[in-house]
Structures are given as C-alpha cells and as structure tokens.
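Visitor: predicted model and sequence follow; I will ask about them next.
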Amino acid sequence: MNKIIMEQVAKHRKEAETLVRTFYDHPEISMEESASSRAIVDALAPYGFTIEYPFMAKELGYDTAFRATLKRGEGPKCSIMVEYDALPGIGHGCGHNLHGPLSVLAGIVLSELPEDAFHGTLEVIGTPAEETVGAKLIFAKEGVFDGDALAIMMHSTSGGISRTNTQANALRAYEITFTGKTAHAAGDPWDGHNALTALRKFLDLVDARRDSFHPFTIASGIITEGGKAPNVVPDRAALRFEFRYPVKREIERLDRIVKNCAKG
C-alpha cells in the first residue's frame, strides 16, 4: 500500500505545486480568499468529491469555505482541513500556500486509492480566515466535526524537517475598545475624556508586567482605531491583542493580567 500511495503522490505532485505557486503569487487575506478557494474546489472536483461551495456562508459571514465529501460505504468519518488565507502586507508568511495544497494533495491521493483501501467518509474541509476569526471555531460550534473519528491538518514550519506529531502554542486573542468623550483638542480639551490615552496606558501596564511573564511568552498587538483627527479628543480607541504560550494553563494566568490591566 505504501508503494501505491507514493505513486499517487508522485502522479499528483504537480497539481499541488501549481496551487502552492498560485497562492504565493496571488495571496488573499482572511475572508477574501475567493480565487484561492475556487482553485482548491476546482482541483478536488474531478476526483469524485461532492462539493459544497460556498459552505456555511450564513454562519460564517463570508463565502470562502468549502466541504468536499467522498463516501465509500460504511465506516468512520475523517476530516482533512485546508488553510489558504494570507497575512496583510507580507503575503503567505505562515506558509498556508504550502500546507493548504498539501492537505488537498492528501485528499486527492486518498480518493485515488483502490476501493478496498478504506471504507467510510472522507471530508476535505476548507477553513478560511485562520489568521483572524478562524472558520474552524465556528465549524466546531456548529457540529461540523461531530462524529469524526479523526480531524487533522498539517502546518508548515521552518527547518526542512517533517514531524508527524508536534506541539503548537496555545492562543488567547482579544478585541478591546475604550470609550471616552470627544472634545476639541485646542478649544476645550478639558471637557473630553481621551480614549486613546486609556488604550496607551493599558499597553503600558501590560509592558510593565513583562518581567513576570514565563519564558516563551509571546505578546503582540495592534491599534485598530485611535481617533479620526489630531485636533479632536478621541472618544473611542480599539486594539487587537494576542498572547501565545506552549501551555494553556499559563494562558489563563495571562488572561487575568490582560483583563486587570484593561479594567485599570
């Protein structure tokens, strides 16, 4: 069977490589992966998959997800997840252009195996917007993976090695909004309450706690809203902030820190 699998990998490798190159040259950010998702669906369609595309657009709020299903009699249901969104400004910095097509290749190879190679249901599921809201989270909540014997994906990294099992960082993400009172910054700033000042002080408080973070803690964020004009006291300021750490229990401690800093 290993020989048959490797023969199919070699047979369809060029298809995967074409997707890799296409995605890299034409990156699409979260929730805007129209061409990328269409290219994957078109790649899977000739191999006996039943395609749902767009998939769960109402629940997601965008239409770049898909589900491709291959049924071979009675047996377990397994899912292979596919990622394909890029990062704003730098393109495919997380390698979705590589490991997304590798998941597609895995689905195609499985579909080409002899009828007696496996029995059950194979689903190749496009999970867009991984870099932002993450379709997988909504799929899980809506029961897409219920009853799966296995739900897997692959993720590329640096180093030129392959691991069949690895550990990924736990993540906690926040969208925090501070509100105040607008006023003219030159005429009567004393009548305002500067929301941007509150946001800046929040970041200062988090930075002040960095000396008590465990090693390997990653804290990063961006200001998404900081006012509309320099001569107007901002009555609204917002940011997106993330913590990453190898162990989830440490994320819970960091979560308390973030919330206390925001309240402060």
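Guide: Arrived safely, thanks for sending.
Visitor: and the strands in this protein?
Guide: 50-52, 66-72, 77-82, 120-126, 148-152, 170-179, 183-184, 218-225, 232-233, 236-245 (DSSP state E).
Visitor: would you mark the buried spots in the fourth one?
Guide: For strand 120-126, the neighbour count (16 or more other Cβ atoms under 10 Å) marks 121-126 as buried. C-beta coordinates here come from the backbone N, C-alpha and C atoms, glycine included.
Visitor: helices and strands around that strand, which ones?
Guide: helix 34-44, strand 66-72, strand 77-82, helix 96-112 (3 or more Cβ pairs under 8 Å, 6 or more residues apart in numbering; DSSP states H and E).
Visitor: would a markdown table of the strands of the chain with mean pLDDT be doable?
Guide: What follows is the strands of the chain, written out as a markdown table (pLDDT from 0 to 100):
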| stretch | mean pLDDT |
| --- | --- |
| strand 50-52 | 98 |
| strand 66-72 | 97 |
| strand 77-82 | 97 |
| strand 120-126 | 97 |
| strand 148-152 | 96 |
| strand 170-179 | 93 |
| strand 183-184 | 95 |
| strand 218-225 | 94 |
| strand 232-233 | 96 |
| strand 236-245 | 94 |
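Visitor: nearest to residue 136, out of these?
Guide: Distance to residue 136, taken as Cβ to Cβ, is lowest for strand 77-82 among those, at 6.6 Å.
Visitor: is it possible to get TSV of the buried residues of strand 120-126 that adds distance to residue 52?
Guide: Shown next, in TSV, are the buried residues of strand 120-126 (distance: Cβ to Cβ, whole Å):
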residue	distance to residue 52
121	13
122	14
123	10
124	11
125	10
126	10
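Visitor: of the residues you listed, just say which sits nearest to residue 43.
Guide: Using Cβ to Cβ, the buried residues of strand 120-126 come closest to residue 43 at residue 124, 9.9 Å.
Visitor: JSON lines for the strands of the chain, including distance to residue 92?
Guide: JSON lines is the format used below for the strands of the chain (distance: least, Cβ to Cβ, whole Å):
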{"stretch": "strand 50-52", "distance to residue 92": "24"}
{"stretch": "strand 66-72", "distance to residue 92": "19"}
{"stretch": "strand 77-82", "distance to residue 92": "14"}
{"stretch": "strand 120-126", "distance to residue 92": "16"}
{"stretch": "strand 148-152", "distance to residue 92": "21"}
{"stretch": "strand 170-179", "distance to residue 92": "19"}
{"stretch": "strand 183-184", "distance to residue 92": "44"}
{"stretch": "strand 218-225", "distance to residue 92": "19"}
{"stretch": "strand 232-233", "distance to residue 92": "38"}
{"stretch": "strand 236-245", "distance to residue 92": "19"}
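Visitor: walk me through the domains of the chain.
Guide: As recorded under automatic domain parsing, the domains making up the chain are 2-152, 170-263.
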